[in-house]
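> build the 3D model from these lines:
(one chain, ligands or ions: 1)
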Amino acid sequence: MTATREPEDPELISKAIQSALLEVHTSLIAHVVSWDPLTQKADVRPVTRGTVPTADGDQVTEDLPVIPGVRIAFFRSGGFSFTFPISVGDPVRLIFSESYSGTYRATGADASDPGLVERFGLSSAVALPCEERDANPLSPDRLDPADAVIAPSLRVGGLSALPVAMAALVQSAITTAITGHTHTGVTTGAGVSGTGALAVPVGSVASSNLKAEP
Ligand SMILES: [Fe+2]
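Numbers count the residues shown, from 1 in each chain. Next up is the predicted model:
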């Protein structure tokens, strides 16, 4: 008589749970493969191989696919946004949604059905541009105990933003202009001299890494 294993066998249940968990994705690091600044979406390649079960109950690793159209999760709310450049090869932190979020993204509707039965799947990821290798920390001058540091440059506003004038440079430029200006048509005695040539060179007072709209 052949013994049969009952379905409630703890070992079987454990293996089934372990196998199911292999399909559950929560968070991974990935590299940006391509990036579309118009849609703010990127194709990304997970850097860690996935683990898949074999027919004999074992496990092997395999490359996870490039995930297309992953939204870069820039901070934005209330009409404000905070963005920075994304480059091919940048590492990003992927967060996988517990339910499919494509329907919401397409419709913006409250209380919508997911539209796709998927739990913690690869297709509902967002990418946080916050990852880096241990060997590539920020240089110490990017951190300050008293100030928020945004480097290497910052633009406040749209494409029409202009370089901001720096107080010390403005003072220096005005001083130089006043002390160095000349007159044409200089006359002596009660005569009237010509107009003085006094000009502050705008470019010399402009910040090279801070621009703002008027
Ligand atoms: Fe003068």
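
> and the strands in the chain?
Using DSSP state E, the strands assigned to the chain run over residues 27-36, 41-46, 50-53, 59-62, 67-72, 75-77, 80-82, 91-96, 125-128, 154-156, 162-165, 182-183, 196-197, 206-212.

> dump those to CSV, plus distance to Arg105.
C-beta here means a position set from N, CA and C on the backbone, and glycine is covered the same way. Below are those laid out as CSV (distance: least, Cβ to Cβ, whole Å):
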stretch, distance to Arg105
strand 27-36, 15
strand 41-46, 10
strand 50-53, 24
strand 59-62, 28
strand 67-72, 8
strand 75-77, 14
strand 80-82, 17
strand 91-96, 14
strand 125-128, 10
strand 154-156, 27
strand 162-165, 35
strand 182-183, 64
strand 196-197, 60
strand 206-212, 32
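
> which of those comes out lowest on mean pLDDT?
Mean pLDDT values for these show the minimum at strand 196-197, a mean of 80.

> this structure: helices as residue ranges?
10-21, 102-107, 167-180 (DSSP state H).

> start to end distance for stretch 40-60?
In stretch 40-60, first residue to last residue: 34 Å (Cα to Cα, to the nearest Å).

> what's in contact with it?
Taking contacts as Cβ atoms under 8 Å, 6 or more residues apart in numbering, the residues outside stretch 40-60 that touch it are 15, 19, 22, 28-36, 61-64, 66-72, 74, 86, 91-92, 94, 125, 127.

> of those residues, keep whichever come out buried.
Applying a neighbour-count criterion of 16 or more other Cβ atoms under 10 Å, the buried members of these are 28-32, 35, 64, 67, 70, 72, 86, 91-92, 94, 125, 127.

> tell me which two of the residues you listed sit farthest apart.
Of all pairs drawn from the buried ones among the contacts of stretch 40-60, the widest gap by Cβ to Cβ lies between Leu64 and Ile86 and measures 20.3 Å.

> helices and strands of this protein: which one bottoms out on pLDDT?
In the chain, the helix or strand scored least confidently by mean pLDDT, DSSP states H and E is strand 196-197, which has a mean of 80.

> tell me which other helices or strands it touches.
On a contact count with 3 or more Cβ pairs under 8 Å, 6 or more residues apart in numbering; DSSP states H and E, strand 196-197 meets strand 182-183.

> in its sheet, what does the strand it packs on sit against?
Partner strands and pairing direction for strand 182-183 (DSSP bridges) are strand 196-197 (antiparallel).

> for the strand it pairs with, what is the distance to the chain centroid?
Relative to the mean C-alpha coordinate of its chain, strand 196-197 is positioned 49 Å out (Cα atoms, centre = their mean, to the nearest Å).

> what of stretch 63-79?
Between the centre of stretch 63-79 and the centre of its chain there are 9 Å (Cα atoms, centre = their mean).

> for stretch 171-181, same thing?
On the basis of Cα atoms, centre = their mean, stretch 171-181 sits 42 Å off its chain's mean C-alpha point.

> touching that stretch from outside, list them.
Outside of stretch 171-181, the residues within contact range by Cβ under 8 Å, 6+ apart are 196-201, 204-205.

> any stretches of this protein with poor pLDDT?
In the prediction, the chain carries residues with pLDDT under 70 at positions 1-7.

> contact partners for the residue sitting nearest the centre point of it?
Residue closest to the mean C-alpha point of the chain, counted by Cα atoms, centre = their mean, is Pro129 at 4.0 Å. The neighbourhood of Pro129, defined by Cβ under 8 Å, 6+ apart, consists of 72-74, 84, 86, 90, 92.
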